[in-house]
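Enquirer: Predicted model, plus sequence, below.
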Amino acid sequence: MDVSFWQKDLETIERQPLKKLQLKLLRETVDFALKTPFYKSRLHKVAITSSDDIKSLEDLKKIPFTTKDDLREGYPYGHLAVDLGDVVRIHTSSGTTGIPTVIYHTKSDLDNWTDLVARSIVATGATKKDIFQNMMSYGLFTGGLGLHYGAERVGLTIIPAGPGNTKRQMQLMKDFRTTLIHITPSYLLHIGSKLEEFGFSLKDFVLKKAYCGAEPYSGNTRKKLEKSFGIDVYNSYGLSEMNGPGVSFECVNKCGMHTWEDAYIMEVIDPKTGKNLGEEKEGELVFTTLRRRATPILRYRTRDLAFIYKGTCRCKRTHRRISRITGRSDDMLIVNGVNVFPSQIEEVIMKIPEVGNNYQVYLEKEGALDKLTVKVEIYSKMFTGDLLQLDSLKEKIINELRAAIILTPAVELHEPGVLPVSEGKAKRVADNRQKI
Ligand code: AMP
Ligand code: ZN
């Protein structure tokens, strides 16, 4: 297969020089990290006071893990390692109790990120001839802008559609002869199910490829999407703490996602013991940024579960590949691509005086999309027969939840004693979505 590259030297670098490069970049990263009060205190505790204390890649193990909570504690500017004047953009990711994690980028940080995305795009065989409709959200979420700038750098023709407005998406795809889309897998399934209703058929499109990510999906869903649309679907993995998309991406061979190891040190650990598992064993992905200046992050526990494939890829890229994300080692839910922690929902509803003691977060499929319903028990005194009062309470709960989790859930109000109670540890989440 004819393969082209964006940064061939870096993408095909031999493992030994790659490790040497990683060590050099890790040392630089540690020096930058030490400029933040958080890492200064963390690293001093383990006797790392400068990059001189990092003599080999093995020394990485001396560095404690960084968690989402650690990052949240630095909100809003606590993790900044450069002058604020050098920061040109900020992204955030949703947090466990509404406080997001913040990632600051210098111009060179964005430049490096853009190259990683450009590499990923070229690795899938896309070229400047492609018409690229980006259906990921533009804004603080990294999916939209991340792919946008990478695609622009490669020279693709971009339609920055953002998500939603399904009929218009189809019209754009038809009129502009879109060949490539970036989309959550559930939204692509949804589009497939709505074609006829909106008066379109596959013959209207010349779509060739889709980049799907931001939420877990199975190999069978990929096959289903490929078959029903007659396209190639490439898995794309990333998280805001590591820039966003462009951390791990499939190449034309679609046999696992290459992680760009000159930009990230990747580890897979046992989530319980923190022990390194090496290759082929499923565990939690841990990443260290190597090229980022404004927000260096060391050994970040992603909570995403996957394993590293052994062996090299036919495409000649030497960067190791990871499997699909098979789950999470925490309770984070991904609802139509948006991250939600049950604790965020609890925070909101327990603040509302009319809400009683029990609630349930209920997830199901509505067509191809996820539907989130929050069922809450309210005090029986609220059931006076005044329906207007109940409606306005429901509206209030919906609005407060929307503000906290960015999604609009359905809300059901129940009398006390209606929702299931479990003895022992409460089971607040009922996830009835069949795995896609
Ligand atoms: P965010 O920081 O909001 O971009 O969310 C990142 C999270 O989305 C990751 O930690 C994963 O849990 C999930 N995610 C992103 N891409 C994928 C993918 N291709 N497969 C499964 N989960 C993904
Ligand atoms: Zn490859």
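Expert: Sure thing, it's come through. Fair warning: this is a prediction, and the values are worked out from it, not measured in the lab. Ligands and ions are numbered 1, 2, ... in the order given.

Enquirer: Which residues of the protein lie near ligand 2?
Expert: Within the chain, the residues that sit near ligand 2 (CB under 5 Å from the ion) are Cys251, Asn253, Cys313, Cys315, Arg317. (C-beta placed from N, C-alpha, C; glycine too.)

Enquirer: what's stretch 347-363 in contact with?
Expert: The contact list for stretch 347-363, computed with CB atoms under 8 Å, 6 or more residues apart in numbering, reads 97-98, 333, 335, 342, 345-346, 370-379, 382, 393, 396-397, 400-401, 404-405, 416, 419-421, 428-433.

Enquirer: Could you work out the end-to-end span of that stretch for me?
Expert: In stretch 347-363, first residue to last residue: 18 Å (CA to CA, to the nearest Å).

Enquirer: tell me the mean pLDDT over that stretch?
Expert: Average pLDDT, stretch 347-363: 89.

Enquirer: Show the contacting residues for the residue of the stretch 151-300 of the chain found nearest ligand 2.
Expert: Relative to ligand 2, the nearest point of the stretch 151-300 of the chain is Cys251 (3.3 Å; CB to the ion). Contact analysis of Cys251 by CB under 8 Å, 6+ apart lists Val3, Ala123, Thr124, His258, Cys313, Cys315, Arg317.

Enquirer: now Leu43
Expert: Taking CB under 8 Å, 6+ apart as the test, what Leu43 contacts is Val30, Ala33, Leu34, Thr49, Ile63.

Enquirer: Is there a quick PyMOL command that grabs whichever of the contacts of stretch 347-363 are buried?
Expert: To isolate the buried members of those in PyMOL, using 16 or more other CB atoms under 10 Å:
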select buried, resi 333+335+342+345+346+370+371+372+374+375+376+377+378+382+393+397+400+401+404+405+419+428+433
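
Enquirer: In strands, which of the contacts of stretch 347-363 appear?
Expert: Within those, residues falling in strands by DSSP state E are 333, 335, 370-378, 429-431.

Enquirer: Name the residues that touch stretch 395-412?
Expert: Residues from elsewhere that reach stretch 395-412 (CB under 8 Å, 6+ apart): 94, 98, 335-336, 338, 340, 344-345, 347-349, 351-352, 355, 371-376, 394.

Enquirer: Any part of it near ligand 1?
Expert: No - judged by CB under 6 Å from any ligand atom, stretch 395-412 stays clear of ligand 1, getting no closer than 10.1 Å.

Enquirer: which pair in the ones in strands among the contacts of stretch 347-363 spans the largest distance?
Expert: Farthest-apart pair in these is Asp370 and Ile378; separation 24.9 Å (CB to CB).

Enquirer: hmm, back to that, could you identify the buried members of the contacts of Cys251?
Expert: Buried residues within the contacts of Cys251, counting neighbours by 16+ other CB under 10 Å: Val3, Ala123, Thr124, His258, Cys313, Cys315, Arg317.

Enquirer: Would you state the helices of the chain in chain order?
Expert: For the chain, applying DSSP state H gives helices covering 8-11, 15-33, 37-45, 68-73, 107-123, 142-154, 166-175, 185-194, 219-229, 342-350, 387-405.
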